[in-house]
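> Could you look at this predicted model? Sequence included:
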Amino acid sequence: MSELRMIADAVIASESGRIVYAGPARDAGSITLTGPGIRVDAGGRAVIPGFVDSHTHLPFAGDRSAEFLMRMQGRSYQEIAAAGGGIINTVRATREATEDALYEASRARLDRMLLHGTTTTEAKSGYGLELEAELKQLRVLRRLATCHPVDIIPTCMCAHDFPPEYRERRDEYVRAICDEILPEVSRQKLAEFFDVFVERGVYTVEQGERVCRCASGLGFGVKVHADELADTGGAALAAAVGAVSAEHLLFVSEEGIKRLAAARVVATLLPCVPLFLMMDQYAPARRMIEQGVAVAIATDLNPGSSNTESMPLVIQLACLKMRLSIEEALTAATLNAAHGIRRAHAVGSLEPGKSMDAIILEARSFVDLVYHLGVNPVRTVIKRGKVVAGSPS
Ligand code: NIG
Ligand code: FE
């Protein structure tokens, strides 16, 4: 993760949105490109791969600023959820929202992501928790994917929580996920991944295992929100069901880390969550890297535990709070994140054959990503060979 290939005085050439050359300018003379094309001079500034935000809850309605203010006065995230707030609060708003309103709110967030350098994002449903509302969220993602420069990888997270109407008969909802919701999402090809929140008071390991196995059987890649607020064995579950990634992992055990490494599960760490929830605990990223786990970092964009679109902020926290080096954080925000959504063949690094998705930073060095705190370090965003945000040169 700490070995970056850095080239001074480089040229990157692309054709039809794909990189055909990335290397020293002095060796680029022989490239001939057909077609009109554009030329962007970075003016000596640093150029890095576009960020891959591999964990977001992008399509939601409403906001939870009232809960945020309660938390600022000392109430905990769990207390608020137990009192009927939390995820269920956003479920109510998302169920009520029209598809167009949900689309507009999500598009505004996607625009902000792009301005902060994200060129590919994963996005989860999970604020519907019933067939039609989950489909509505996923349709919004499909519509966004056709008209927005950011690539969207959709995940069905119908196991984000239990819907209020099933609180007292949770296993019936587990059955609905397996027999009704996932088969329909699969039939309409609306999601590539499935995700479940395994946590005290939410999905038990047993319920998590059942829904993950159903999802795999239907061809979904599996993700698990694991060990976010307590160690409940979520990491071991992710390893056992062959998950592509495990998310959060603030309280992952030593045993959990070993299982993730052995099963080659990508650990997606979300350091804006402890910041936003005012917790002291961050995921043991150094320990995971030492044990050979592929660590990715992402925003977790959502209204309750991480209301941000900014990958630069994630990178800053990964370095300053989880002690990643800037090189490791950059790998975690690009190539490892691409692995976490099965897109490493297409995005995540500036190599021939991959999509020409790049960021020109304001600074000459990528060190400024962390050193210059709290500002947007992104000057220009290029997606598939076109300037799509920021300054044209
Ligand atoms: O990733 N952990 C569960 N889901 C979100 C929080 C969602 C919410 O509070 O609305 C998370 O942190
Ligand atoms: Fe999440």
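On my side now, so go ahead. On a predicted model such as this, the values are computed, not experimentally measured, just so you know. Ligands and ions are numbered 1, 2, ... in the order given.

> going forward, measure contacts and count neighbours with C-alpha atoms only.
Noted.

> Pull up the residues of the stretch 151-300 of the chain that are close to ligand 1.
The stretch 151-300 of the chain has residues 197, 300 near ligand 1, with proximity defined as C-alpha under 6 Å from any ligand atom.

> Tell me where the stretch 151-300 of the chain has helices.
With DSSP state H, counting those that start in this stretch as the criterion, the stretch 151-300 of the chain has helices at 170-176, 182-187, 205-217, 234-240, 254-262, 272-276, 285-290.

> Tell me which of the ones you listed lies nearest to Met1.
Closest to Met1 of these is helix 285-290 (C-alpha to C-alpha; 8.5 Å).

> still on that earlier bit, what's the closest of the helices of the stretch 151-300 of the chain to Ile7?
Among the helices of the stretch 151-300 of the chain, if distance is taken as C-alpha to C-alpha, the winner is helix 285-290, at 25.5 Å.

> can you tell me the average pLDDT over the closest one?
Helix 285-290 shows a mean pLDDT of 98.

> and if you look at stretch 249-263?
The pLDDT scores in stretch 249-263 average 98.

> could we number from 838 for the rest of this?
Okay, using 838 as the starting number, the last item reads as stretch 1086-1100.

> Distance from the chain centre to that stretch, please.
20 Å (C-alpha atoms, centre = their mean, to the nearest Å).

> again, but for stretch 864-882
Relative to the chain's own centre, stretch 864-882 is displaced by 31 Å; criterion: C-alpha atoms, centre = their mean.

> next one: stretch 945-963
Distance of stretch 945-963 from the chain centroid (C-alpha atoms, centre = their mean) equals 9 Å.

> related to what we said a few turns ago, would you point to the one among the helices of the stretch 988-1137 of the chain that's packed deepest?
Comparing the helices of the stretch 988-1137 of the chain by mean neighbour count (mean count of other C-alpha atoms under 10 Å), helix 1071-1077 ranks first with a mean of 25.

> Give me the contact list for that one.
Outside helix 1071-1077, the residues that touch it by C-alpha atoms under 8 Å, 6 or more residues apart in numbering are 1035-1036, 1042, 1045-1046, 1060-1064, 1082-1083, 1086, 1089, 1092-1094, 1096-1097, 1100-1102.

> Please apply the same query to stretch 1144-1156.
By C-alpha under 8 Å, 6+ apart, stretch 1144-1156 touches 888, 890, 946-947, 949-950, 953-955, 1107-1109, 1113, 1134-1139, 1161-1163, 1166-1167, 1170, 1206-1207, 1210-1211, 1213-1214.

> In helices, which of those fall?
Judged by DSSP state H, the contacts of stretch 1144-1156 include 946-947, 949-950, 1109, 1113, 1163, 1166-1167, 1170, 1206-1207 as members of helices.

> Looks to me like Ala1155 is in a strand.
No - assigned with DSSP: H, G, I helix; E, B strand; the rest coil, Ala1155 falls outside any strand and is helix.

> If I look at it, what pLDDT would I see?
98.

> now do Glu1164
Per-residue confidence (pLDDT) for Glu1164: 98.

> The helix or strand where Gln915 lies packs against which elements?
According to DSSP states H and E, Gln915 maps onto helix 914-919. Using 3 or more C-alpha pairs under 8 Å, 6 or more residues apart in numbering; DSSP states H and E, no helix or strand is in contact with helix 914-919.

> If you count neighbours, what's buried in the helix or strand that that helix is followed by?
Counting by DSSP H and E, the next helix or strand C-terminal to helix 914-919 is helix 924-933. Neighbour counts using 16 or more other C-alpha atoms under 10 Å place 924-932 of helix 924-933 among the buried residues.

> Can you classify the closest residue to Pro1000 other than its chain neighbours as helix, strand or coil?
For Pro1000, ignoring the flanking residues on the chain, the nearest one in space by C-alpha to C-alpha, 6 or more residues apart in numbering is Leu966 at 5.7 Å. Counting by three-state DSSP, the backbone at Leu966 sits in coil.

> Who are the contact partners of Leu966?
928, 995-1000.

> Please list only the buried members of those residues.
Listed as buried from these are 928, 995-1000; burial here means 16+ other C-alpha under 10 Å.

> So the nearest residue to Arg1047 once chain neighbours are set aside versus Val857, what's the distance?
Of all residues not flanking Arg1047 in the chain, Val1011 sits nearest, at 7.9 Å (C-alpha to C-alpha, 6+ apart). In this view, Val1011 and Val857 are 47 Å apart by C-alpha to C-alpha, to the nearest Å.

> element containing Ser851?
Element membership of Ser851, judged by DSSP H and E, is strand 847-852.

> Neighbouring strands of that strand in the sheet, and parallel or not?
According to DSSP bridges, strand 847-852 forms sheet pairs with strand 855-861 (antiparallel).

> so Val987 sits right up against Leu951, yeah?
Yes - Val987 is within contact range of Leu951, at 6.8 Å (criterion: C-alpha atoms under 8 Å).

> So for these two, which residue has more residues nearby?
Legend: neighbour count by other C-alpha atoms under 10 Å for Val987 and Leu951, higher for Leu951 (28 against 23).

> Pretty sure that one sits against Lys1220.
No - counting by C-alpha under 8 Å, Leu951 stays clear of Lys1220, with 9.6 Å between them.

> Output the below-cut-off pLDDT ranges for this structure.
For the chain, no stretch is flagged by pLDDT under 70.

> who's in contact with the residue of the stretch 838-987 of the chain found nearest ligand 1?
Nearest to ligand 1, among the residues of the stretch 838-987 of the chain, is Ile924, at 4.1 Å (C-alpha to the nearest ligand atom). In this structure, Ile924 makes contact with 918, 964, 998, 1141, judged by C-alpha under 8 Å, 6+ apart.

> Please produce a markdown table containing these, extended by distance to Met1125.
Formatted as a markdown table, the contacts of Ile924 follow (distance: C-alpha to C-alpha, whole Å):
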| residue | distance to Met1125 |
| --- | --- |
| Ala918 | 30 |
| Tyr964 | 31 |
| Asp998 | 27 |
| Gly1141 | 26 |
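
> which residues are contacting stretch 1174-1187?
Residues from elsewhere that reach stretch 1174-1187, judged by C-alpha under 8 Å, 6+ apart: 856, 859, 885-891, 957, 959, 990, 1081-1082, 1103-1105, 1132-1135, 1168, 1171-1173, 1190-1195.
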